[in-house]
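# got a predicted model here, sequence first, then my questions.
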Number of protein chains: 4
Amino acid sequence: MASPFDPQREDLFTFGLWTVGNRGRDPFGEPVRPVPDPHHLVRRLAELGAHGVNLHDDDLVPPGASAAERDRIVREFRRTLRDTGMQVPMATTNLFGHPAFKDGAFTSNDPRVRAFALQKTLRAIDLGAELGAGIYVFWGGREGSEADACRDPRAALQRLRWALDFLCGYVLDQGYGLRFALEAKPNEPRGDIYLPTTGHMLHFITTLQHHEMVGVNPEVAHEVMAGLSFPHCVAQAMAAGKLFHVDLNAQKIGRYDQDLRFGSEDQKGALLLVRLLEGTCGGGRYTGPRHFDAHAYRSEDEAGVWEFAKGCMRTYKILAHKARGFDADPEVRALLAEQHDPRLDPLLAGGNSREVAEALRGVSIDADALGRRGLGYERLDQLLVEHLLGVRG
Amino acid sequence: MASPFDPQREDLFTFGLWTVGNRGRDPFGEPVRPVPDPHHLVRRLAELGAHGVNLHDDDLVPPGASAAERDRIVREFRRTLRDTGMQVPMATTNLFGHPAFKDGAFTSNDPRVRAFALQKTLRAIDLGAELGAGIYVFWGGREGSEADACRDPRAALQRLRWALDFLCGYVLDQGYGLRFALEAKPNEPRGDIYLPTTGHMLHFITTLQHHEMVGVNPEVAHEVMAGLSFPHCVAQAMAAGKLFHVDLNAQKIGRYDQDLRFGSEDQKGALLLVRLLEGTCGGGRYTGPRHFDAHAYRSEDEAGVWEFAKGCMRTYKILAHKARGFDADPEVRALLAEQHDPRLDPLLAGGNSREVAEALRGVSIDADALGRRGLGYERLDQLLVEHLLGVRG
Amino acid sequence: MASPFDPQREDLFTFGLWTVGNRGRDPFGEPVRPVPDPHHLVRRLAELGAHGVNLHDDDLVPPGASAAERDRIVREFRRTLRDTGMQVPMATTNLFGHPAFKDGAFTSNDPRVRAFALQKTLRAIDLGAELGAGIYVFWGGREGSEADACRDPRAALQRLRWALDFLCGYVLDQGYGLRFALEAKPNEPRGDIYLPTTGHMLHFITTLQHHEMVGVNPEVAHEVMAGLSFPHCVAQAMAAGKLFHVDLNAQKIGRYDQDLRFGSEDQKGALLLVRLLEGTCGGGRYTGPRHFDAHAYRSEDEAGVWEFAKGCMRTYKILAHKARGFDADPEVRALLAEQHDPRLDPLLAGGNSREVAEALRGVSIDADALGRRGLGYERLDQLLVEHLLGVRG
Amino acid sequence: MASPFDPQREDLFTFGLWTVGNRGRDPFGEPVRPVPDPHHLVRRLAELGAHGVNLHDDDLVPPGASAAERDRIVREFRRTLRDTGMQVPMATTNLFGHPAFKDGAFTSNDPRVRAFALQKTLRAIDLGAELGAGIYVFWGGREGSEADACRDPRAALQRLRWALDFLCGYVLDQGYGLRFALEAKPNEPRGDIYLPTTGHMLHFITTLQHHEMVGVNPEVAHEVMAGLSFPHCVAQAMAAGKLFHVDLNAQKIGRYDQDLRFGSEDQKGALLLVRLLEGTCGGGRYTGPRHFDAHAYRSEDEAGVWEFAKGCMRTYKILAHKARGFDADPEVRALLAEQHDPRLDPLLAGGNSREVAEALRGVSIDADALGRRGLGYERLDQLLVEHLLGVRG
């Protein structure tokens, strides 16, 4: 039975091969699901209405594969993409799994590790470009420390900057149409990861040589781990024109990286996020892929994995519907109407000048009255909750 | 226009005088709302459909009031209760506001502070009994430390035990029908508060002389501050027959005590909680008051306070409705059906004996097959979310 | 060169085979160290001055080993223990690694899983007894949920209680000299683990049939993950006579289970803990093993593992030395001297009676003066810090 | 008796009037210390060896003071500064205490509130300039939300940017020698504060018109609340040339803003921080004031306040001494020696070119060997701990 919340290609939903292919291994237990076949994953995702699939180099091509094997694998994968109409909008490098990266990749103290990371990334960029990816993600999961004296954090930033400048140069030199998206995370698997939040990343990007081709890939779970507002994070990135990609999932604050099904925690936060991405609150719509960087509980077999994938997409669409309803609600609109003051508006619009500063100083404002005025935010938030719970609108 | 979610007396919703009377002071700012009139608060709560009002001694009777003043205040308050049909199901002592309690009340190193705390509590118990309260709450907000060497934590527990034994003795001696409910909190206003969670409290109660008359008063915000599952906390208290009272509100993990409107954070957690309290998942219904220990945002005037109060009650009833729908959903019931195994059921029912142990050892179990089986929990949780969001059931 | 901080057998330092044998696998990366040889681990620990080694069943005997293999392995291991003088003071069951336990062991909804967990535990208890262990630890790492509707938490507690009652019965029936120690953890690898803190465990134990033979095994990292005070946790367990074992390591609040080298985080907290365990602050000394449940950073090879092990023991002894110095410091003793009041001491010593209550009400106390009095805790804490930093005492 | 750790003027230690003048009010309790006299605070700080004192406008001049009163107060305060040789290196505006700011100052939806905030800040900047301050701090404690739908976070950033551009213009127009330092905080007193970490602030600064005169004022407690590494935060600010000021204190992760005595929590983190500020690990020394934005426990009277102040300064100097010892330790230097590879060094030094990329691809690297190599970080961190504990160096 068709539902208005069934995913469609134009919804731009994507999954990583590593997400629906996640085998359920964790620090205390062994895999519970078999080694996945990428072709099967792509076909099932296509059937479910996804737009595309993303991958790390190693998700598709086993490390150590010969050039011929690699080419055969890529050729067959492209055929499956073509057959299913699926895209690869984003690609990335696994710079965290191999023991060589145990103390970082681009920020390692060892030049051989840094060089190995670059070699692997050059190959992976080529792969991404060959598969038609438009976004190349960098998650530096090992770029951090536990014994923090091991490295000056400024040296780490300097090495990371050098590597990204180098790789931007490579992409430009090759004429690839790729843009980079940097993904922050505060900790895990390292005690403290450098550039722990999207805010730190946004600043770091301003220090890059080719900063115009580098944006961010914020992930719900990563900001929420640190207890930060993900909507605020996304809003800052959007305001800076740097929201190049987004990783959707769910997470509880202050614990291990959970990568839960989108919308399965903090439903109000998820609605606030979807409002921003869909632009129902104004400020423009995010037009890139809605990527679910999550995985099924370890309790699940393959059937559960597809329930997980359907749930992610379905909940997104349900929330998008609610976002439109909330932002069109007349009572909400009245509460959020822009406030004007004819004396002040002209003074608060332009820049500073001696005259404006003097004029501003001279305006009489009854601060105590402002303190007594109620702002109606309990009502506003209750309206949001009631839209969320489906009892209004 | 009447709604099925309008509060009714029989819903047993209660508020503290200190909640709807909260003036909006915080560590960085002054009060934003005027000193409240308790009579006005009671009348408005009654109009909104609340069942009762709870109070600290100082909420009603100003510290230092003469006996005559105290009696007049109490007499007038009882008249307002009678006029409005409102109850005072719970009373408590303010053992945290006065500077004398800056390093604890019952656990202070200073016998004079401990004695002052007892004096104040004896008077406040008398007041609670006079107002007809059935539950007397103890929240030891100052019973903790920052400079932790100041006191052996075992001495603190010993002093607290002594005080509660003493006060239980007093209540029994007076023939008051009061039961005690202990409320845990991990920190704030102290760096670390003794007995930081409901679990610690439950154990502590087993060490009391009159443990049968002492239970717990878990508060959403307090367990959530430590990142613990509030439904698990409440379930353990219910299983122990110790859920004497409950404090409902909302909170984000890992931050200051927010005391937000019930249901305004972690909507899934709120639904799981209401399922337990309403007993829709089996296991019996909690029959005591649904107390909202929360307050309106500081942005609000009095009108906002009442929106806050209405929101708490309304969201509770909306969630109770969803809880019934979820637990009656046939697909949910199928996923949660009890599992049986004719070989094992008899062995897993009784106690240990040599024969049962041997029989159990002898049963052949295909553990690998158990590992491969999917449990359907992604589907189950998505069903919960869809009931929550109002798109199913 | 000998140091007063070199570990000695009588210090009762122990390590798990899984700690010094940890291979450095994590959620994002593969093992970095080879499969360890238990004999080698025992010999090296003995050389370093450890008292003993603890183990999970699977750490020593591979799952699926035949009876003959098992017996050979155990025989050889006992020989190594004998040769080195090492003890096995504690044993435990791995009830978390196998996929069958993906949704819990004793609390699983599936009776076959519960039976499999019991079978495995019966065998592991036999092994522990054979190796002379006095303590048997239960860490129910998988006893929890993410999709919390999957199971009534009260059913989980009931199943866990049944299993522990059954296993206590088995131990008594066999005449093993084992006592049980329950280990709590708030989350990871499950979203929320039942009985998340030592406080919850302490209460749960009071509901067991053979509660006298069951205590707790608190772990620094597990309480700290939830932001709770580990010294307070240990103090409550000691006060209850339930500190049967202790797991020492280090952790930052609010992140994944780090299991860091003892003393490498929160040095003041570590000193406060060692004060309690060594009894330098009074209240008796903990006489059981000082077990380090931690592992070397993933950056380390085998040499680094032994530096890690030495560091754990050495830091413990350094802190024990500082604890003695702090508690003997005359200025500290003056600040912590017990306070007396001749009027109040008799009233605050016995139980409640009408007379005592009346007498207490009648004592005049100047609360405002108590509020103004300074307690000297900044000085006290600074003294603690200066002892810690080695610039005093 | 003189100690090498006694504070000296040239150590550049500063305190806020609001820190040593803190009255000990908190969300649950009343003030415990009397209204402080600023002159007395300055004199005592001078006696203790502090370099200067910082202030909010309202700390010195009561809101609502007449121009004449204001001038008299400032004149007298300058006299005390002159008499004591104390500086006012930093000034700031209280934009959080008055009820008018309950929903933000510069980001309020109400133009009158924004104008009132500007008026107050213009006056406060004049005051700061008159007192000779070189740094003007902005902490937007109320710039945030609980009911997050109340405002598009992008509008909030836009309003904040406008205000800072305006105020930079004012400072330049007046010819004041002030630079601005922005201070981030993740939450409290708001549910979520915009620009929650120093990373977000650093990026925001790049979007300002006069970004060259704007840097950051990171505060230990604020980054630690979110569980982030404060040394990494400071390092990123130093690398960007934006560490204009620093707020030193102590805090536990994931709880209310504690503002504890410097060094009283996370001693290792404090040492890592002092290494950076003192430049003992290379990379240059921070030359601005060491400002302690902390306050005495509520248990303290005035004597305790001065113990608190002495403790902050003394612990800083003790840690600076240890930092020098650690970084001069030959074993540490050996572990941290820069690593070279003659094949790779030239390739990893310059920028990208087709030739370099090809050369890099061609270098043979034994990744597995890199994975097996131990890095000695357990030893390194243990050395750090032993320097910290004063048993080495």
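Cool, got the structure. Since the structure is predicted, the reported quantities are computational estimates derived from the model, not experimental observations.
# which residues touch the residue in chain A that chain C sits nearest to?
For chain A and chain C, the shortest gap (Cβ to the nearest Cβ) falls at residue A:254, measuring 3.5 Å. From N, CA and C alone the C-beta is placed, and that goes for glycine too. Residue A:254 sits next to A:225, A:227, B:227, B:253-254, C:227, C:253-255, D:227, D:254 when contact means Cβ atoms under 8 Å, 6 or more residues apart in numbering or on different chains.
# how about the residues of the stretch 201-350 of chain A by chain C?
A:225, A:227, A:252-258, A:260, A:297-299 (Cβ under 8 Å from any Cβ of the partner chain).
# any chance of the residues you listed in a markdown table, plus secondary structure?
Output for those, formatted as a markdown table (DSSP: H, G, I helix; E, B strand; the rest coil):
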| residue | secondary structure |
| --- | --- |
| A:225 | helix |
| A:227 | coil |
| A:252 | coil |
| A:253 | coil |
| A:254 | coil |
| A:255 | coil |
| A:256 | coil |
| A:257 | coil |
| A:258 | coil |
| A:260 | strand |
| A:297 | coil |
| A:298 | coil |
| A:299 | coil |
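# may I ask which two of the residues you listed are separated the most?
Farthest pair in those (Cβ to Cβ) is A:227 and A:299. Separation: 27.2 Å.
# strands along chain A, start to end?
A:13-16, A:52-56, A:90-92, A:135-139, A:144-145, A:179-183, A:192-193, A:214-216, A:247-248, A:290-292 (DSSP state E).
# so what touches the last one?
The one in question is strand A:290-292. Everything outside strand A:290-292 that qualifies as a contact, by Cβ under 8 Å, 6+ apart, is A:11-16, A:19, A:54, A:89-90, A:245-249, A:262, A:277, A:309, A:312-313, A:316.
# could you rerun that using 6 Å?
For strand A:290-292, contacts defined as Cβ atoms under 6 Å, 6 or more residues apart in numbering or on different chains pick out A:12-15, A:247-248, A:262, A:312.
# now the terminal residues of stretch A:99-118, how far apart.
16 Å (Cα to Cα, to the nearest Å).
# now swap in stretch A:256-263 and tell me
Per Cα to Cα, the first residue of stretch A:256-263 is 18 Å away from its last.
# check whether that stretch comes near chain D.
No - using Cβ under 6 Å from any Cβ of the partner chain, stretch A:256-263 stays clear of chain D, with a minimum separation of 12.7 Å.
# equivalent analysis for stretch A:129-137, please.
No - using Cβ under 6 Å from any Cβ, stretch A:129-137 stays clear of chain D, coming no nearer than 13.9 Å.
# ok and the residue in the stretch 1-150 of chain A nearest chain D?
For the stretch 1-150 of chain A, Cβ to the nearest Cβ, closest residue to chain D: residue A:99, 2.7 Å.
# and residue A:206, how close does it get to chain D?
5 Å (Cβ to the nearest Cβ, to the nearest Å).
# distance of that residue from chain B?
29 Å.
# for residue A:234, same thing?
18 Å.
# re the thing from before, run a quick neighbour tally on the residue of the stretch 1-150 of chain A closest to chain D.
21 (other Cβ atoms under 10 Å in any protein chain shown).
# my read: it touches residue C:32, true?
Yes - counting by Cβ atoms under 6 Å, residue A:99 touches residue C:32, with 4.2 Å between them.
# got any residues that touch both of those two?
Joint contacts of residue A:99 and residue C:32 (Cβ under 6 Å, 6+ apart) are residue D:371.
# re the thing from before, just the contacts of residue A:254 now: which is nearest residue D:160?
Using Cβ to Cβ, those come closest to residue D:160 at residue A:227, 21.4 Å.
# the residue in chain A that chain B sits nearest to: what's it in contact with?
Nearest residue of chain A to chain B: residue A:390, at 1.9 Å (Cβ to the nearest Cβ). Neighbour list for residue A:390: B:389-390 [criterion: Cβ under 6 Å, 6+ apart].
# got a pLDDT number for the residue nearest to residue A:38 when sequence neighbours are not counted?
Spatially, and ignoring its direct neighbours in sequence, residue A:38 is nearest to residue A:17 (5.5 Å; Cβ to Cβ, 6 or more residues apart in numbering or on different chains). At residue A:17, the predicted lDDT confidence score is 98.
# flag every residue of the stretch 251-393 of chain A that's near chain D.
Checking the stretch 251-393 of chain A against chain D by Cβ under 6 Å from any Cβ, the hits are A:254, A:272, A:281, A:283, A:339, A:341, A:344, A:348, A:351-352, A:354, A:357, A:360-361, A:363, A:365, A:367, A:370-371, A:375, A:377, A:380-381, A:384.
# from those, which would you call buried?
Among these, those that count as buried by neighbour count (16 or more other Cβ atoms under 10 Å in any protein chain shown) are A:254, A:272, A:281, A:283, A:341, A:344, A:348, A:352, A:357, A:360, A:365, A:367, A:370-371, A:375, A:377, A:380-381, A:384.
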